[in-house]
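Student: Dropping a prediction and its sequence here:
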Amino acid sequence: MGTSLSHDADDTGDDRVSAGRTCRSALHADQELSCGTHGFGDLRYLCPTHDALRRCSTTTQVGVRNTGPSTVYVTVIHGPRRGERQQGPEREIAPGHTADLRPGQGDLLFDLTLRGAGPVKSLTVVSVR
């Protein structure tokens, strides 16, 4: 069974990546959860407010913290344009540690995938640029 938390208590209802958003999984260790679909919303663009789509900039980095009790493995899915996606190397993040995740140079950040060996995997966004 997989779970995700796409809207936290302080969430404005906007479906874009922002600090405080959480992605959680209770899937088996060999199954990945798509954080871009469940938890982090649209990763491609950083918008100052939910109604300011025309002033959005491209997301260049997402800082995440492993807020779960076990090590997690995160992969960045990126590409130069819609329909062209590449998978970056898997990153290991220990409990309580943070990592800055970036798409390739000039690429769009489409998704982050999350998997791990523990019963509950959890990533929380700490920063977005």
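Tutor: Arrived safely. Numbers count the residues shown, from 1 in each chain.
Student: helices and strands of the protein: which one has the lowest mean pLDDT?
Tutor: Least confident helix or strand of the chain, by mean pLDDT, DSSP states H and E, is strand 45-46 with a mean of 89.
Student: from the chain's centre, how far out does the next helix or strand after it sit?
Tutor: Later in the chain than strand 45-46, the nearest helix or strand by DSSP states H and E is strand 57-58. Here strand 57-58 shows a centroid-to-chain-centroid distance of 16 Å under the convention C-alpha atoms, centre = their mean, to the nearest Å.
Student: Spell out the residue ranges of the strands in this protein.
Tutor: Here the chain has its strands, by DSSP state E, at 22-25, 33-34, 45-46, 57-58, 62-66, 72-81, 84-87, 91-93, 98-101, 108-116, 121-128.
Student: okay, the angle between the longest one and strand 108-116?
Tutor: Note on geometry: by axes from the mean of the first three to the mean of the last three C-alpha atoms, to 10 degrees, strand 72-81 and strand 108-116 are set 160 degrees apart in direction.
Student: tell me the contacts of the nearest residue to residue 85 once chain neighbours are set aside?
Tutor: Once flanking residues are discounted, residue 85 sits nearest to residue 79: 4.5 Å by C-beta to C-beta, 6 or more residues apart in numbering. For the C-beta atoms, the positions are set from N, CA and C on the backbone; glycine is no exception. For residue 79, the contact set (C-beta atoms under 8 Å, 6 or more residues apart in numbering) comprises 85, 86, 103, 104, 107, 108, 110.
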